[in-house]
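**Student:** My questions concern the predicted model and sequence given below.
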Amino acid sequence: DVKVTQSSRYLVKRTGEKVFLECVQDMDHENMFWYRQDPGLGLRLIYFSYDVKMKEKGDIPEGYSVSREKKERFSLILESASTNQTSMYLCATFGGSSYEQYFGPGTRLTVT
Amino acid sequence: GNSVTQMEGPVTLSEEAFLTINCTYTATGYPSLFWYVQYPGEGLQLLLKATKADDKGSNKGFEATYRKETTSFHLEKGSVQVSDSAVYFCALRNPTQGGSEKLVFGKGTKLTVNP
């Protein structure tokens, strides 16, 4: 079974803090994604990576950056957290023969 | 561009009722279509998929048929259970365009099934 883990289920940070959200997968997938999920807006793509050190902006990259130094790990960075970044963050991977995206359990981030 | 529109919720049903969640899409070419489900407190998991016109995806009693003529992929289940309470997302992937691994999601429909 594919396993996608995220470093925290719940996180509370203060405005202006630098925040790291970590995602690790064990299936050797090339593609990894970060989404945020908000009520009434569904899932919106922040960034994705199709290989180590390769990244592309998604639909809402402003205020975020990413890092992919190793194939299994994809980090989302909030350089200076703001209250409008309070959200559920979901990591996903893509690969294999089934061509589906596999999701982690999510990190609910609250910025106060 | 690519987009997915699904019926807004929330949807509340009694156990054993019939479920339909509508989903329509806009895309050029021949997208693949998906339904994902998110149970409370969890990430999303694939429920079913269809990769070409007239394909029917099915899983756990849920079905959806890829209708190119109406650009639709409606989710149905004949008899829902309390355990089906979740948020359901319709999504598409368009391999004819660059970044083909990306999914475009609808906004989600929350289903609550009462005993």
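**Tutor:** Received it, and whenever you're ready, just let me know what you need.

**Student:** Give the next helix or strand downstream of the lowest-mean-pLDDT helix or strand in chain B.
**Tutor:** Lowest mean confidence among the helices and strands of chain B (mean pLDDT, DSSP states H and E): strand B:104-105, at a mean of 91. With elements assigned by DSSP states H and E, the helix or strand that comes after strand B:104-105 is strand B:109-114.

**Student:** Could you list the paired strands of that next one along with their orientation?
**Tutor:** Paired neighbours of strand B:109-114 in the sheet (DSSP bridges): strand B:11-14 (parallel), strand B:86-93 (antiparallel).

**Student:** Next, the buried residues of it.
**Tutor:** Within strand B:109-114, the residues scored as buried using 16 or more other Cβ atoms under 10 Å in any protein chain shown are B:109, B:111, B:113. C-beta coordinates here come from the backbone N, C-alpha and C atoms, glycine included.

**Student:** contacts for that strand?
**Tutor:** B:6-15, B:17, B:19, B:21, B:80-89 (Cβ atoms under 8 Å, 6 or more residues apart in numbering or on different chains).

**Student:** make it 7 Å
**Tutor:** When contacts are defined by Cβ atoms under 7 Å, 6 or more residues apart in numbering or on different chains, strand B:109-114 is touched by residues B:6-15, B:21, B:80-82, B:84-88.

**Student:** Drop anything exposed from those.
**Tutor:** Counted by 16+ other Cβ under 10 Å, the contacts of strand B:109-114 give B:6-7, B:11, B:13, B:21, B:80, B:84-88 as buried.

**Student:** From residue B:39, how far out is the nearest residue to residue B:3 once chain neighbours are set aside?
**Tutor:** Closest residue in space to residue B:3, ignoring its immediate chain neighbours: residue B:26 at 4.7 Å, by Cβ to Cβ, 6 or more residues apart in numbering or on different chains. To residue B:39, residue B:26 is 29 Å away according to Cβ to Cβ, to the nearest Å.
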